[in-house]
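Participant: Just the structure for this:
(one chain, ligands or ions: 1)
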Amino acid sequence: MEERRAHWGSSLGFVLAATGSAIGLGNLWKFPFITWENQGGAFVLVYLACIASVGLPIMMAEILIGRKAQRSVVGALREAVGPGWAVVGWWGVLCGFILLSYYTVIAGWSLFYFTQTLEWSLSGFPGGLATGDLFAEQVSNGRLQLGLSLLFSVATILVVYLGIHRGIERLTRTVLPILFVILLLLLFSALRMEGSGEAIAFIFRPSFGELEPQGVLEALGHSFFTLSLGMGAMITYGSYVSRTQSIVKMSAVIVLLDTVIALVATVIMFSVIFSVAGMEEQVGASTVGMLFISLPELFFTEVPFGTWLGPLFYVLVALAALTSTISLLEVVASYFIDQHGITRHKSTLISGSTVFVFTILAALSFGAVPGLSGFEIFAGKPGWFSTADHFVSNWMLPTGGLAITIGVGWFMSREATKGELVDGNEPGWFRYGVWRFFIRFVAPAAVGAVIVAVLFFGFDFS
Ligand code: TRP
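Facilitator: Predicted structure coming up:
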């Protein structure tokens, strides 16, 4: 080691960076939608059970690998688990690469809606505008899409280029408090709407008759996605954690914050939707509908103080996405830094621009270029974007997650994992034996069930 490895300035610095990675489009876009599709209530309860029994133990496992090895994902798995486990690390780097390439496109949309809503705030919402048509126009406008995702990629590259302290930690420390404040403002406004009671009942009152078996698996798959697990993002961030910080405490806070934010975002969106007659049918029509078609208009027609909350909301989406994309790029960039001895600046520029080449393909796959929009490997999922998302969500994250639980649970010694988790700083409620049981048996069984479901029952999480 020619140079001392950078470390987060404090536990709070790490917690905010990791929470920033976890909170993203998964919380604001995917979770509300799948909660809607699965009739709320029972689904939310099952999701919470998955977060606690699979998500939390794997979160601790990933951070533990990173902190122990003090290397990025490939080197960390090799060092902490065993030589052959580098393969799982490469799988993770590839996964980060692909996920980043298309995540950036949706993140770009939030920039578009920020400028749109800001314009409406200043000059009024154009009467008679069909927001569905506006959405269709913007996604199929190739130049616009390229511009938006380029802008977003440049922002991501810049933060990672500046490094752990000056880039990632400084950004997440500034952004997350802002994000919490914006969400609180939105929550207050949403709770004043007449539909809020119905929304809360929909989300929190379980009726098990309505939950399909597929919903259980979807809840499990999403718990990986939303916590940034299964591809080494938390291993990488964990490698900058110093030994005086408790993995157990920090994991618990990250998981709790991610979950609370997902629920708050859902309460906000559903309160708006339930307050408008006829909106429920419209929302069901498409995955992107809720965030980018229904909401933009509703801010200007229904939501109290919506004229200025609207643009603020899309700033929130963009910032939440940015704190996730930087963690994805960090996985790829730090791999080249640690394993191939390239400087951070060079590595970030090269990996960032290589990813962008693939972002171009995803950005043009919403109608701008017919060959990309119709691109199909998996039946029923046309488009470069959907194909990539399908591959990552259904195959890469679950298999990566399974490998990590097996590696930590079965191939690392009891002493090694215990030494990381029980280090004198752990909270009083923590029982090492319980964690070990979950990581060896419960988590692999649950993730295994997801993979079997995808393999043999044609289940689709994306
Ligand atoms: N957790 C992010 C979200 O909810 C998405 C995500 C999945 C992710 N895996 C990741 C982000 C790995 C960073 C790293 O939107």
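Participant: What pLDDT is listed against the residue nearest to Gly400 when sequence neighbours are not counted?
Facilitator: Of all residues beyond its chain neighbours, the one nearest Gly400 is Gly230 (4.2 Å), with distances taken as CB to CB, 6 or more residues apart in numbering. For glycine as for every other residue, the C-beta is placed from the backbone atoms N, C-alpha and C. According to the model's per-residue confidence, Gly230 sits at a pLDDT of 95.
Participant: List the residues that contact Gly230.
Facilitator: Gly230 makes contacts with Ile58, Gly92, Cys95, Phe224, Met396, Leu397, Pro398, Thr399, Gly400, Gly401, Ile404, as judged by CB atoms under 8 Å, 6 or more residues apart in numbering.
Participant: can you give me the offset of the helix or strand containing Phe180 from its chain's centre?
Facilitator: According to DSSP states H and E, Phe180 maps onto helix 170-191. Average the C-alpha atoms of helix 170-191, do the same for its chain, and the two points are 17 Å apart (CA atoms, centre = their mean, to the nearest Å).
Participant: try stretch 168-187
Facilitator: Going by CA atoms, centre = their mean, the spacing between the C-alpha centre of stretch 168-187 and its chain's C-alpha centre is 16 Å.
Participant: Any residue of it touching the ligand?
Facilitator: No. Between stretch 168-187 and the ligand, judged by CB under 6 Å from any ligand atom, nothing touches; the nearest distance is 11.9 Å.
Participant: Show me what counts as buried in that stretch.
Facilitator: Going by neighbour count (16 or more other CB atoms under 10 Å), the buried part of stretch 168-187 is 168-173, 175-176, 179-180, 182-183, 185-187.
Participant: List the contacts of it.
Facilitator: Looking at what lies outside stretch 168-187 - CB under 8 Å, 6+ apart - the contacts are 8-9, 12-13, 16-17, 19-20, 23, 159-160, 162, 261, 264-265, 267-268, 305, 309, 312-313, 315-316, 319-320, 322-323, 326-327, 330.
Participant: Pull out the C-alpha coordinates of that stretch and format them as CSV.
Facilitator: What follows is stretch 168-187 as a C-alpha-only set of coordinates in CSV (Å, rounded to 0.1, in the frame of the first residue of the first chain):
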residue,chain,number,x,y,z
ILE,A,168,-18.9,11.8,-1.9
GLU,A,169,-18.9,12.6,1.8
ARG,A,170,-19.3,16.3,1.3
LEU,A,171,-22.1,15.9,-1.2
THR,A,172,-24.1,13.5,0.8
ARG,A,173,-23.7,15.5,4.0
THR,A,174,-25.2,18.5,2.2
VAL,A,175,-27.8,16.7,0.2
LEU,A,176,-29.4,14.3,2.6
PRO,A,177,-30.6,16.9,5.2
ILE,A,178,-32.0,18.9,2.3
LEU,A,179,-33.8,15.8,1.0
PHE,A,180,-35.3,15.1,4.4
VAL,A,181,-36.6,18.7,4.7
ILE,A,182,-38.2,18.6,1.3
LEU,A,183,-39.8,15.3,2.0
LEU,A,184,-41.2,16.7,5.3
LEU,A,185,-42.6,19.7,3.6
LEU,A,186,-44.3,17.5,1.0
LEU,A,187,-45.6,15.2,3.7
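Participant: Name the residues of the top helix by length along the chain that are buried.
Facilitator: The helix that spans the most residues within the chain, counting by DSSP state H, is helix 86-123. For helix 86-123, the neighbour count (16+ other CB under 10 Å) marks 86, 88-89, 91-93, 95-114, 116-118, 120-121 as buried.
Participant: how far out from the middle of the chain is that helix?
Facilitator: Put simply, helix 86-123 sits 10 Å off its chain's centre (CA atoms, centre = their mean).
Participant: and if you look at stretch 149-163?
Facilitator: When C-alpha coordinates are averaged (CA atoms, centre = their mean), stretch 149-163 and its chain have centres 17 Å apart.
Participant: is that stretch anywhere near the ligand?
Facilitator: No. Using CB under 6 Å from any ligand atom, no contact is recorded between stretch 149-163 and the ligand, whose separation bottoms out at 11.1 Å.
Participant: for that stretch, what is the average pLDDT?
Facilitator: Stretch 149-163 shows a mean pLDDT of 97.
Participant: Give me the contact list for that stretch.
Facilitator: When contacts are defined by CB under 8 Å, 6+ apart, stretch 149-163 is touched by residues 6, 100, 104-105, 107-108, 111, 167-168, 170-171, 318, 321-322, 325-326, 329-330, 333, 344-345, 348-349, 352-353, 355-356, 359-360, 362-363.
Participant: Just the element for Phe430, please.
Facilitator: Take DSSP H and E as the rule and Phe430 turns out to sit in neither a helix nor a strand.
Participant: who touches it in this structure?
Facilitator: Taking CB under 8 Å, 6+ apart as the definition of contact, the neighbours of Phe430 are Val248, Leu421, Val422.
Participant: count of neighbours near the second one?
Facilitator: Read that as Leu421. The number of residues packed near Leu421 is 20, by other CB atoms under 10 Å.
Participant: can you tell me which residues contact it?
Facilitator: Taking CB under 8 Å, 6+ apart as the test, what Leu421 contacts is Met60, Leu64, Ile247, Val248, Phe430, Tyr432, Trp435.
Participant: how close does the residue nearest to Ala17 when sequence neighbours are not counted get to the ligand?
Facilitator: Once its chain neighbours are removed from consideration, Ala17 has its nearest residue in Thr172; the separation is 4.6 Å (CB to CB, 6+ apart). Taking CB to the nearest ligand atom, to the nearest Å as the measure, Thr172 and the ligand are separated by 12 Å.
Participant: any idea of the pLDDT on Thr172?
Facilitator: Spelled out, the predicted local distance difference test score at Thr172 is 95.
Participant: With Trp308 instead?
Facilitator: Taken from the predicted model, the pLDDT recorded for Trp308 is 88.
Participant: And it, how far from Glu119?
Facilitator: Between Trp308 and Glu119 the distance is 13 Å, computed by CB to CB, to the nearest Å.
Participant: what number of residues lie near Trp8?
Facilitator: With neighbours defined by other CB under 10 Å, the count for Trp8 comes to 23.
Participant: Return the backbone torsion pair for it.
Facilitator: Here the main-chain torsion angles of Trp8 (degrees, to the nearest 10) amount to phi -60, psi 150.
Participant: ok, it - contacts?
Facilitator: Under the criterion of CB under 8 Å, 6+ apart, the contact list for Trp8 reads Phe14, Ala17, Ile164, His165, Glu169, Tyr240, Val241, Ser242, Gln245.
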